[in-house]
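Engineer: Generate coordinates for the sequence data below:
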Amino acid sequence: MWTSLLAFTHYFLALLVVLRVLTRSRMEPSVRVAWIIVVESLPVVGILAYLLFGEVRIAQAERQRSADVRQRLTGMWVPSPNAVTDPPDWIAGIVGSVRAVGGMDPVSGNRFDLLDEGDNAFDRMIDAIDSAQDHVHVLFYIWLDDTSGRRVAEALIRAAERGVACRIVVDAFGSRSFIRSAIWNAMENAGIETVQAMPTGISLFRALTRRLDLRNHRKIVLVDHRIGFTGSRNAADMAFSAKPKYAPWIDVWFSIEGPVLRQMQAVFLADWMSYTGSDLGTELLNTVPAVEKPGVIAQALATGPDRRQGSVSDCITAMLAAARKNVVITTPYYVPTTALDNALQACARRGVDVTLILPARNDSLFVEASSEGFYLGLLRAGVRIMQFKGGLLHSKLATVDGRVAMIGSGNLDRRSFELNYEMNLLVSGEGIIDRIDERQKTYIARARELTLAEVEAWPVWRKIRNNTLSLATPLL
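Structural biologist: Have a look, this model is predicted:
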């Protein structure tokens, strides 16, 4: 009797969950099918998995607070005199996609510099912090208590001791060890305001009201409305003591001057005000003048699970549609949406030279195998896959026709598309795209090309593993 009752209860709950899956809005058909299979094929575990990870849940109060902050910042926004209102035809579709997803317009008059690959990449940023007079705003996903992490922290302490307002946001999970370190306490004792994004405390109530694996993955440093920094790099050495066996970690880091800093400031302030309730909206009244004419055109793209009108995937897809000659993409994780994978293949099939640069060895075996499930289709379409062998390639770069690039924190995986708070920049201008392409050429020089014959010769067990996991990518 009890066995029958438990079985009936399980089937009833599974039916309710399946109905929930079928009635959810903004869920891709492939995601629905995948979750239905999981719920029906894994007794109890499938139901629990969906309740914990099947939906991007954010508490209503938290969602409303974020919406109120965005409305407040929108009310403080004064259009930039450097706004690009009539972009060239070849970039108009890309700009429109970024605007539709992130809500910001492109601005000209910026200066970008691609900094060195080594641990000296932070030298200019530390110099800027040491010369700060008004404020320093910092947001990192991972901050480690190593040489580079301490150099940044000590520069902030020096700035705070001079009376500069220093505000720091770190992801509570990504920087969990740093938050417990002595240098973190030293920063707080120096008067630096600190915030932990996405608290990691586990409770049944929290699990039912908000996804436990949401992350703030952005990397933003802003100094005095004068200079900013962003890219793929966390506040850590290339040796990356959190996962040293994959070192060195290869990243990109940019210094930025000009009107787009105001857009980056808006992204930081939206996070800061949502987490703290402190209203710093008047910071946006400070417009940032052009530093070069015409300078680099740039457009900020902030995405996150609280804003579901699109992701960086849509914008990369728009870039692929605009490509005429060549595309070079560097990403550590390739777990794409169906639309993005199809766009990449279609781009190669119509004669565009498409190169995808990935690490030969990934820090996640699960993600590596999932990515490999896409390789056969990509190679058959004519995409060139280069496997970087000089460490863990962690850069996130995409360039099209030597004229436009996407840089920032977002990976080409579903976590970045749906669960992480990310900030990317669309960039177009003489010089900077060439330098990005030259950096990607150095990656290719340290890589080996994966051939179609190799993938077709993989053993059956590897093909089954990869293709099975690639089927599960809608759940990742």
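
Engineer: Asp413: neighbour count?
Structural biologist: Neighbours of Asp413 under the rule other C-beta atoms under 10 Å: 24. For every residue, glycine as well, the C-beta is placed using N, CA and C.

Engineer: Over to Ile464?
Structural biologist: Using other C-beta under 10 Å, Ile464 has 11 neighbouring residues.

Engineer: hang on, it in a strand?
Structural biologist: No: checked against DSSP: H, G, I helix; E, B strand; the rest coil, Ile464 lies outside a strand; its state is helix.

Engineer: And the pLDDT for it?
Structural biologist: We have a pLDDT of 84 for Ile464.

Engineer: go on, Ser416?
Structural biologist: 90.

Engineer: any weak-confidence spans in the stretch 51-200 of the chain?
Structural biologist: Within the stretch 51-200 of the chain, the segments meeting pLDDT under 70 span 51-55, 57-61, 63, 75-76.

Engineer: Helices of that one, start to end?
Structural biologist: 60-75, 89-102, 123-130, 147-161, 176-179, 182-189 (DSSP state H, counting those that start in this stretch).

Engineer: Pull the residues that contact stretch 81-101.
Structural biologist: By C-beta atoms under 8 Å, 6 or more residues apart in numbering, the residues outside stretch 81-101 that reach it are 104-109, 258-259, 287, 290, 297, 299, 301, 303, 309-312, 314-315, 317-319, 321-322, 401, 403-404, 426, 428.

Engineer: Out of the helices of the stretch 51-200 of the chain, which gets nearest to Arg462?
Structural biologist: Among these, helix 176-179 comes nearest to Arg462, with 34.3 Å by C-beta to C-beta.

Engineer: Distance from the chain centre to the closest one, please.
Structural biologist: From the chain centre to the centre of helix 176-179 is a distance of 21 Å (C-alpha atoms, centre = their mean, to the nearest Å).

Engineer: Same check on stretch 71-85?
Structural biologist: Computed by C-alpha atoms, centre = their mean, the chain-centroid distance of stretch 71-85 equals 24 Å.

Engineer: circling back to that earlier point, just the ones of the contacts of stretch 81-101 in strands?
Structural biologist: Using DSSP state E, the subset of those located in strands is Val107, Ser108, Gly109, Ile297, Gln299, Leu301, Thr303, Val404, Leu426, Ser428.

Engineer: Need phi/psi at the residue nearest to the first one when sequence neighbours are not counted.
Structural biologist: Think Val107. In space, and not counting its chain neighbours, Val107 is closest to Pro259: 4.1 Å by C-beta to C-beta, 6 or more residues apart in numbering. For Pro259, the backbone dihedrals (degrees, to the nearest 10) come out as phi -60, psi -30.

Engineer: Return the residues in contact with Pro259.
Structural biologist: Applying C-beta under 8 Å, 6+ apart to Pro259 gives the contacts Ser80, Asn82, Val107, Ser108, Gly109, Asn110, Thr287, Val288, Pro289, Ala290.
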